[in-house]
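[1] no FASTA, just this:
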């Protein structure tokens, strides 16, 4: 088994641009408004395909069904849908204020699926804002009244976004990405989103986008419950961080039941052959180089997402100092 790269799936959004071409060299035309690039996906509205190597052209779904356990995943982890959805988000305008369902909300909302996510800020313009959470003391009636009056922004906690910031957004956290921010997003495999507020925008005909008021009120956590969704260190999280440390200087970002995430900085020196005890996914934020696994070489450049299989013979050979986000599946499935 060798490291596996995937072809991005571009999603047009009214708030997007062609910035993914400028920043990462993605194949985005100057006329396109691409807001999302799905780097690793296994959903009904987007399934990744392998880019190059022995499995070139194979869908992620087929890859896991045929070779999941050989890659190091359990049988459950190889079933539909794969437990990670990885994206780049290019927000050139404010995204709507949104919330996603937690396990309690999923039980009462038809076709809803739990969505917990995290954001790593790759780039941000001066004065760009991340909206994450509600101000302390906000009640359900406050939120409902603000939605009706179009004043939800007055209830939102605001954070000045800068490169390298990290946000963990468990299901139920009210949030929005402000204009001028490029983000790497790692989340559970769900596309269930409820729109709370759209900045009172209308189209050329004076129509506003639909709000999902009742669903949002069911989902929204009024208080900060982030710590409720962070798990204590255990043998599985330690194994993940041990893998990360073999690649370079490591900073743990979050451990939740569904995924673990760390930031790794590499230096331009080839590693010795190392053992990868469980499969991980690496998102190249900067730099380029190659992986050598069991005699096979796979090159990478910034913007690539690479699945690293379980192996006892992997080397990393960066051409320059670089940064990765590294993630793996947690012990629970979403």
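    Received it, and whenever you're ready, just let me know what you need. Quick caveat, the model's predicted, so the values are computed rather than measured.

[2] okay, which residue of the protein is out on the far edge from center?
    residue 205 (34.2 Å; C-alpha atoms, centre = their mean).

[3] What does the pLDDT read for it?
    pLDDT recorded at residue 205 is 85.

[4] Please apply the same query to residue 286.
    At residue 286, pLDDT is 96.

[5] And stretch 283-294, how far out from the chain middle?
    19 Å (C-alpha atoms, centre = their mean, to the nearest Å).

[6] Can you give me the buried ones in that stretch?
    Of all the residues in stretch 283-294, those buried under the rule 16 or more other C-beta atoms under 10 Å are 283-285, 287, 289-293. The C-beta positions use only the backbone N, C-alpha and C, and glycine is treated the same way.

[7] any idea how far residue 89 is from the residue farthest from the centre of the chain?
    Residue 205 sits 27 Å away from residue 89 when distances are taken as C-beta to C-beta, to the nearest Å.

[8] Same check on residue 101?
    20 Å.

[9] now swap in residue 46 and tell me
    Counting by C-beta to C-beta - residue 46 and residue 89 are separated by 14 Å.

[10] Please identify which of these two sits among more neighbours.
    residue 89 (21 against 16; other C-beta atoms under 10 Å).

[11] is it fair to say the residue farthest from the centre of the chain lies in a helix?
    No. Judged by DSSP: H, G, I helix; E, B strand; the rest coil, residue 205 forms no part of a helix; its state is coil.

[12] Please report the distance of it from residue 234.
    Taking C-beta to C-beta, one finds residue 205 at 54 Å from residue 234.

[13] For the stretch 201-334 of the chain, give me the ranges with low pLDDT.
    Nowhere does the stretch 201-334 of the chain drop to pLDDT under 70.

[14] Now with 90, please.
    For the stretch 201-334 of the chain, applying pLDDT under 90 flags the ranges 201-208, 269-274, 294-295, 333-334.

[15] all helices in it, in order from the N-terminus.
    213-219, 235-247 (DSSP state H, counting those that start in this stretch).

[16] okay, these in JSON lines with distance to residue 114 next?
    Shown next, in JSON lines, are the helices of the stretch 201-334 of the chain (distance: least, C-beta to C-beta, whole Å):
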{"stretch": "helix 213-219", "distance to residue 114": "10"}
{"stretch": "helix 235-247", "distance to residue 114": "20"}
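
[17] Out of these, which is closest to residue 122?
    helix 235-247 (18.8 Å; C-beta to C-beta).

[18] got the buried residues for that closest one?
    Buried residues in helix 235-247 (16+ other C-beta under 10 Å): 237, 240-241, 243-244, 246-247.

[19] Using TSV, lay out the residues you listed together with distance to residue 26.
    As requested, the buried residues of helix 235-247 are arranged in TSV below (distance: C-beta to C-beta, whole Å):
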residue	distance to residue 26
237	32
240	28
241	30
243	27
244	26
246	29
247	24
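
[20] if I pick residue 2, what's in contact with it?
    Residue 2 makes contact with 53-54, 291, 293-294, 296, 298, 309, according to C-beta atoms under 8 Å, 6 or more residues apart in numbering.

[21] what two of these are the furthest from one another?
    54 and 291 (14.1 Å).

[22] Surely residue 160 touches residue 132?
    No. Contact status for residue 160 versus residue 132: not in contact, 11.7 Å apart, counting by C-beta atoms under 8 Å.

[23] Those two: which has the busier surroundings?
    Comparing residue 160 with residue 132 by neighbour count (other C-beta under 10 Å), the higher total belongs to residue 132, at 20 against 12.

[24] residues near the residue lying closest to that one once chain neighbours are set aside, how many?
    Distance criterion C-beta to C-beta, 6 or more residues apart in numbering; nearest residue to residue 132, sequence neighbours excluded, is residue 175 at 5.0 Å. Residues within reach of residue 175, counting by other C-beta under 10 Å, total 21.

[25] How about residue 175: which residues does it bridge to?
    residue 98, residue 132 (DSSP bridges).

[26] hang on, it packs against residue 158?
    No. Checked against C-beta under 8 Å, the pair residue 175 and residue 158 is beyond contact range at 11.2 Å.

[27] Residues that sit against both of these two, list them.
    Common neighbours of residue 175 and residue 158 (criterion: C-beta under 8 Å, 6+ apart): 130-131.
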